[in-house]
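Asker: I would like the atomic coordinates for the input below:
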Amino acid sequence: MVEQDFRKELEGWKNNKEQIGQTAVEIELAIFGLLVEELAEELFVVVEFKWENNK
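Answerer: Numbering: from 1, shown residues only. From the prediction side, this is the model:
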């Protein structure tokens, strides 16, 4: 029963390639955004550390 539900859902996705592409782009942008945020936080820590050591 569950297998049939998944199979129907998968077939629906295969028929809508535009939505697959849009979803993939949204996922990629979300991951990229998280990576940029993490990098910004790390850079802030480095700059703050250097600032504290130069006083």
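Asker: Now do the helices in the chain.
Answerer: With helices called from DSSP state H, the chain shows them at 2-15, 17-53.
Asker: Show me what counts as buried in the shortest one.
Answerer: Right, the one you point to is helix 2-15. Buried residues in helix 2-15, defined by neighbour count with 16 or more other CB atoms under 10 Å: none. Placement of C-beta: from N, CA and C, glycine included.
Asker: residues making contact with it?
Answerer: For helix 2-15, the surrounding residues in contact (CB atoms under 8 Å, 6 or more residues apart in numbering) are 19-20.
Asker: How far away from the center of its chain is it?
Answerer: The chain centroid and the centroid of helix 2-15 are separated by 24 Å under CA atoms, centre = their mean, to the nearest Å.
Asker: CSV for the helices of the chain, including mean pLDDT?
Answerer: Converted to CSV, the helices of the chain look like this (pLDDT from 0 to 100):
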stretch, mean pLDDT
helix 2-15, 71
helix 17-53, 91
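Asker: how close does the residue nearest the centre of the chain get to residue 52?
Answerer: By CA atoms, centre = their mean, the chain has its centre lying nearest to residue 31, at 2.1 Å. Applying CB to CB, to the nearest Å, the value for residue 31 to residue 52 is 32 Å.
Asker: Next: residue 37.
Answerer: 23 Å.
Asker: just residue 35 next, same as before
Answerer: 26 Å.
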